[in-house]
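In: Dropping a prediction and its sequence here:
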Amino acid sequence: MKTIDKKDVLKERITALEIQQSEELRVLKLEFHSIAEKLDPLYLIKNTFKNLTADPEIKSNLLHSAVSMTSHFIARSTFLSRFQTPIKNIIGNVLQTVLNKISPTNPRLL
């Protein structure tokens, strides 16, 4: 009878190890899919952009750059092209000064 008990114990142990192995395989597959998703180029770009825009200093610099680019575009737009160059330069400089004053990167406004 002791040999039968040993066989039963051995079968139970094998069954427990098979269950453990299948659970570990399931967890390993989940981790693999998670890592594969994180290595996706689109995910990397989105995550990098999200981290960059989370920093207040970088947000401020992005806003300042956008305002500056917009003012330069407006100063050189076709709307102002009908004026002569000195008038266009004056309007562009005035517009640039106004936009720089209202920009949130201005230390007086912070």
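Out: Arrived safely.
In: Which secondary structure element of the protein has the lowest mean pLDDT?
Out: Taking mean pLDDT, DSSP states H and E as the measure, the helix or strand of the chain with the lowest value is helix 78-81, at a mean of 56.
In: so how far is Ile35 from Met69?
Out: In this view, Met69 and Ile35 are 39 Å apart by CB to CB, to the nearest Å. C-beta here means a position set from N, CA and C on the backbone, and glycine is covered the same way.
In: what's the neighbour count on Ile19?
Out: 10 (other CB atoms under 10 Å).
In: Oh, that last question was meant for Met69, not what I typed.
Out: Met69, neighbours per other CB under 10 Å, totals 10.
In: Now do the helix or strand it falls within: which elements does it pack against?
Out: Met69 is part of helix 56-75 when elements are defined by DSSP states H and E. Where contact means 3 or more CB pairs under 8 Å, 6 or more residues apart in numbering; DSSP states H and E, helix 56-75 is packed against helix 41-54, helix 85-102.
In: Could you save those as CSV and add columns showing distance to Ser60 and mean neighbour count?
Out: Below are the helices and strands packed on helix 56-75 laid out as CSV (distance: least, CB to CB, whole Å; neighbours: other CB atoms under 10 Å):
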stretch, distance to Ser60, mean neighbour count
helix 41-54, 11, 10
helix 85-102, 13, 13
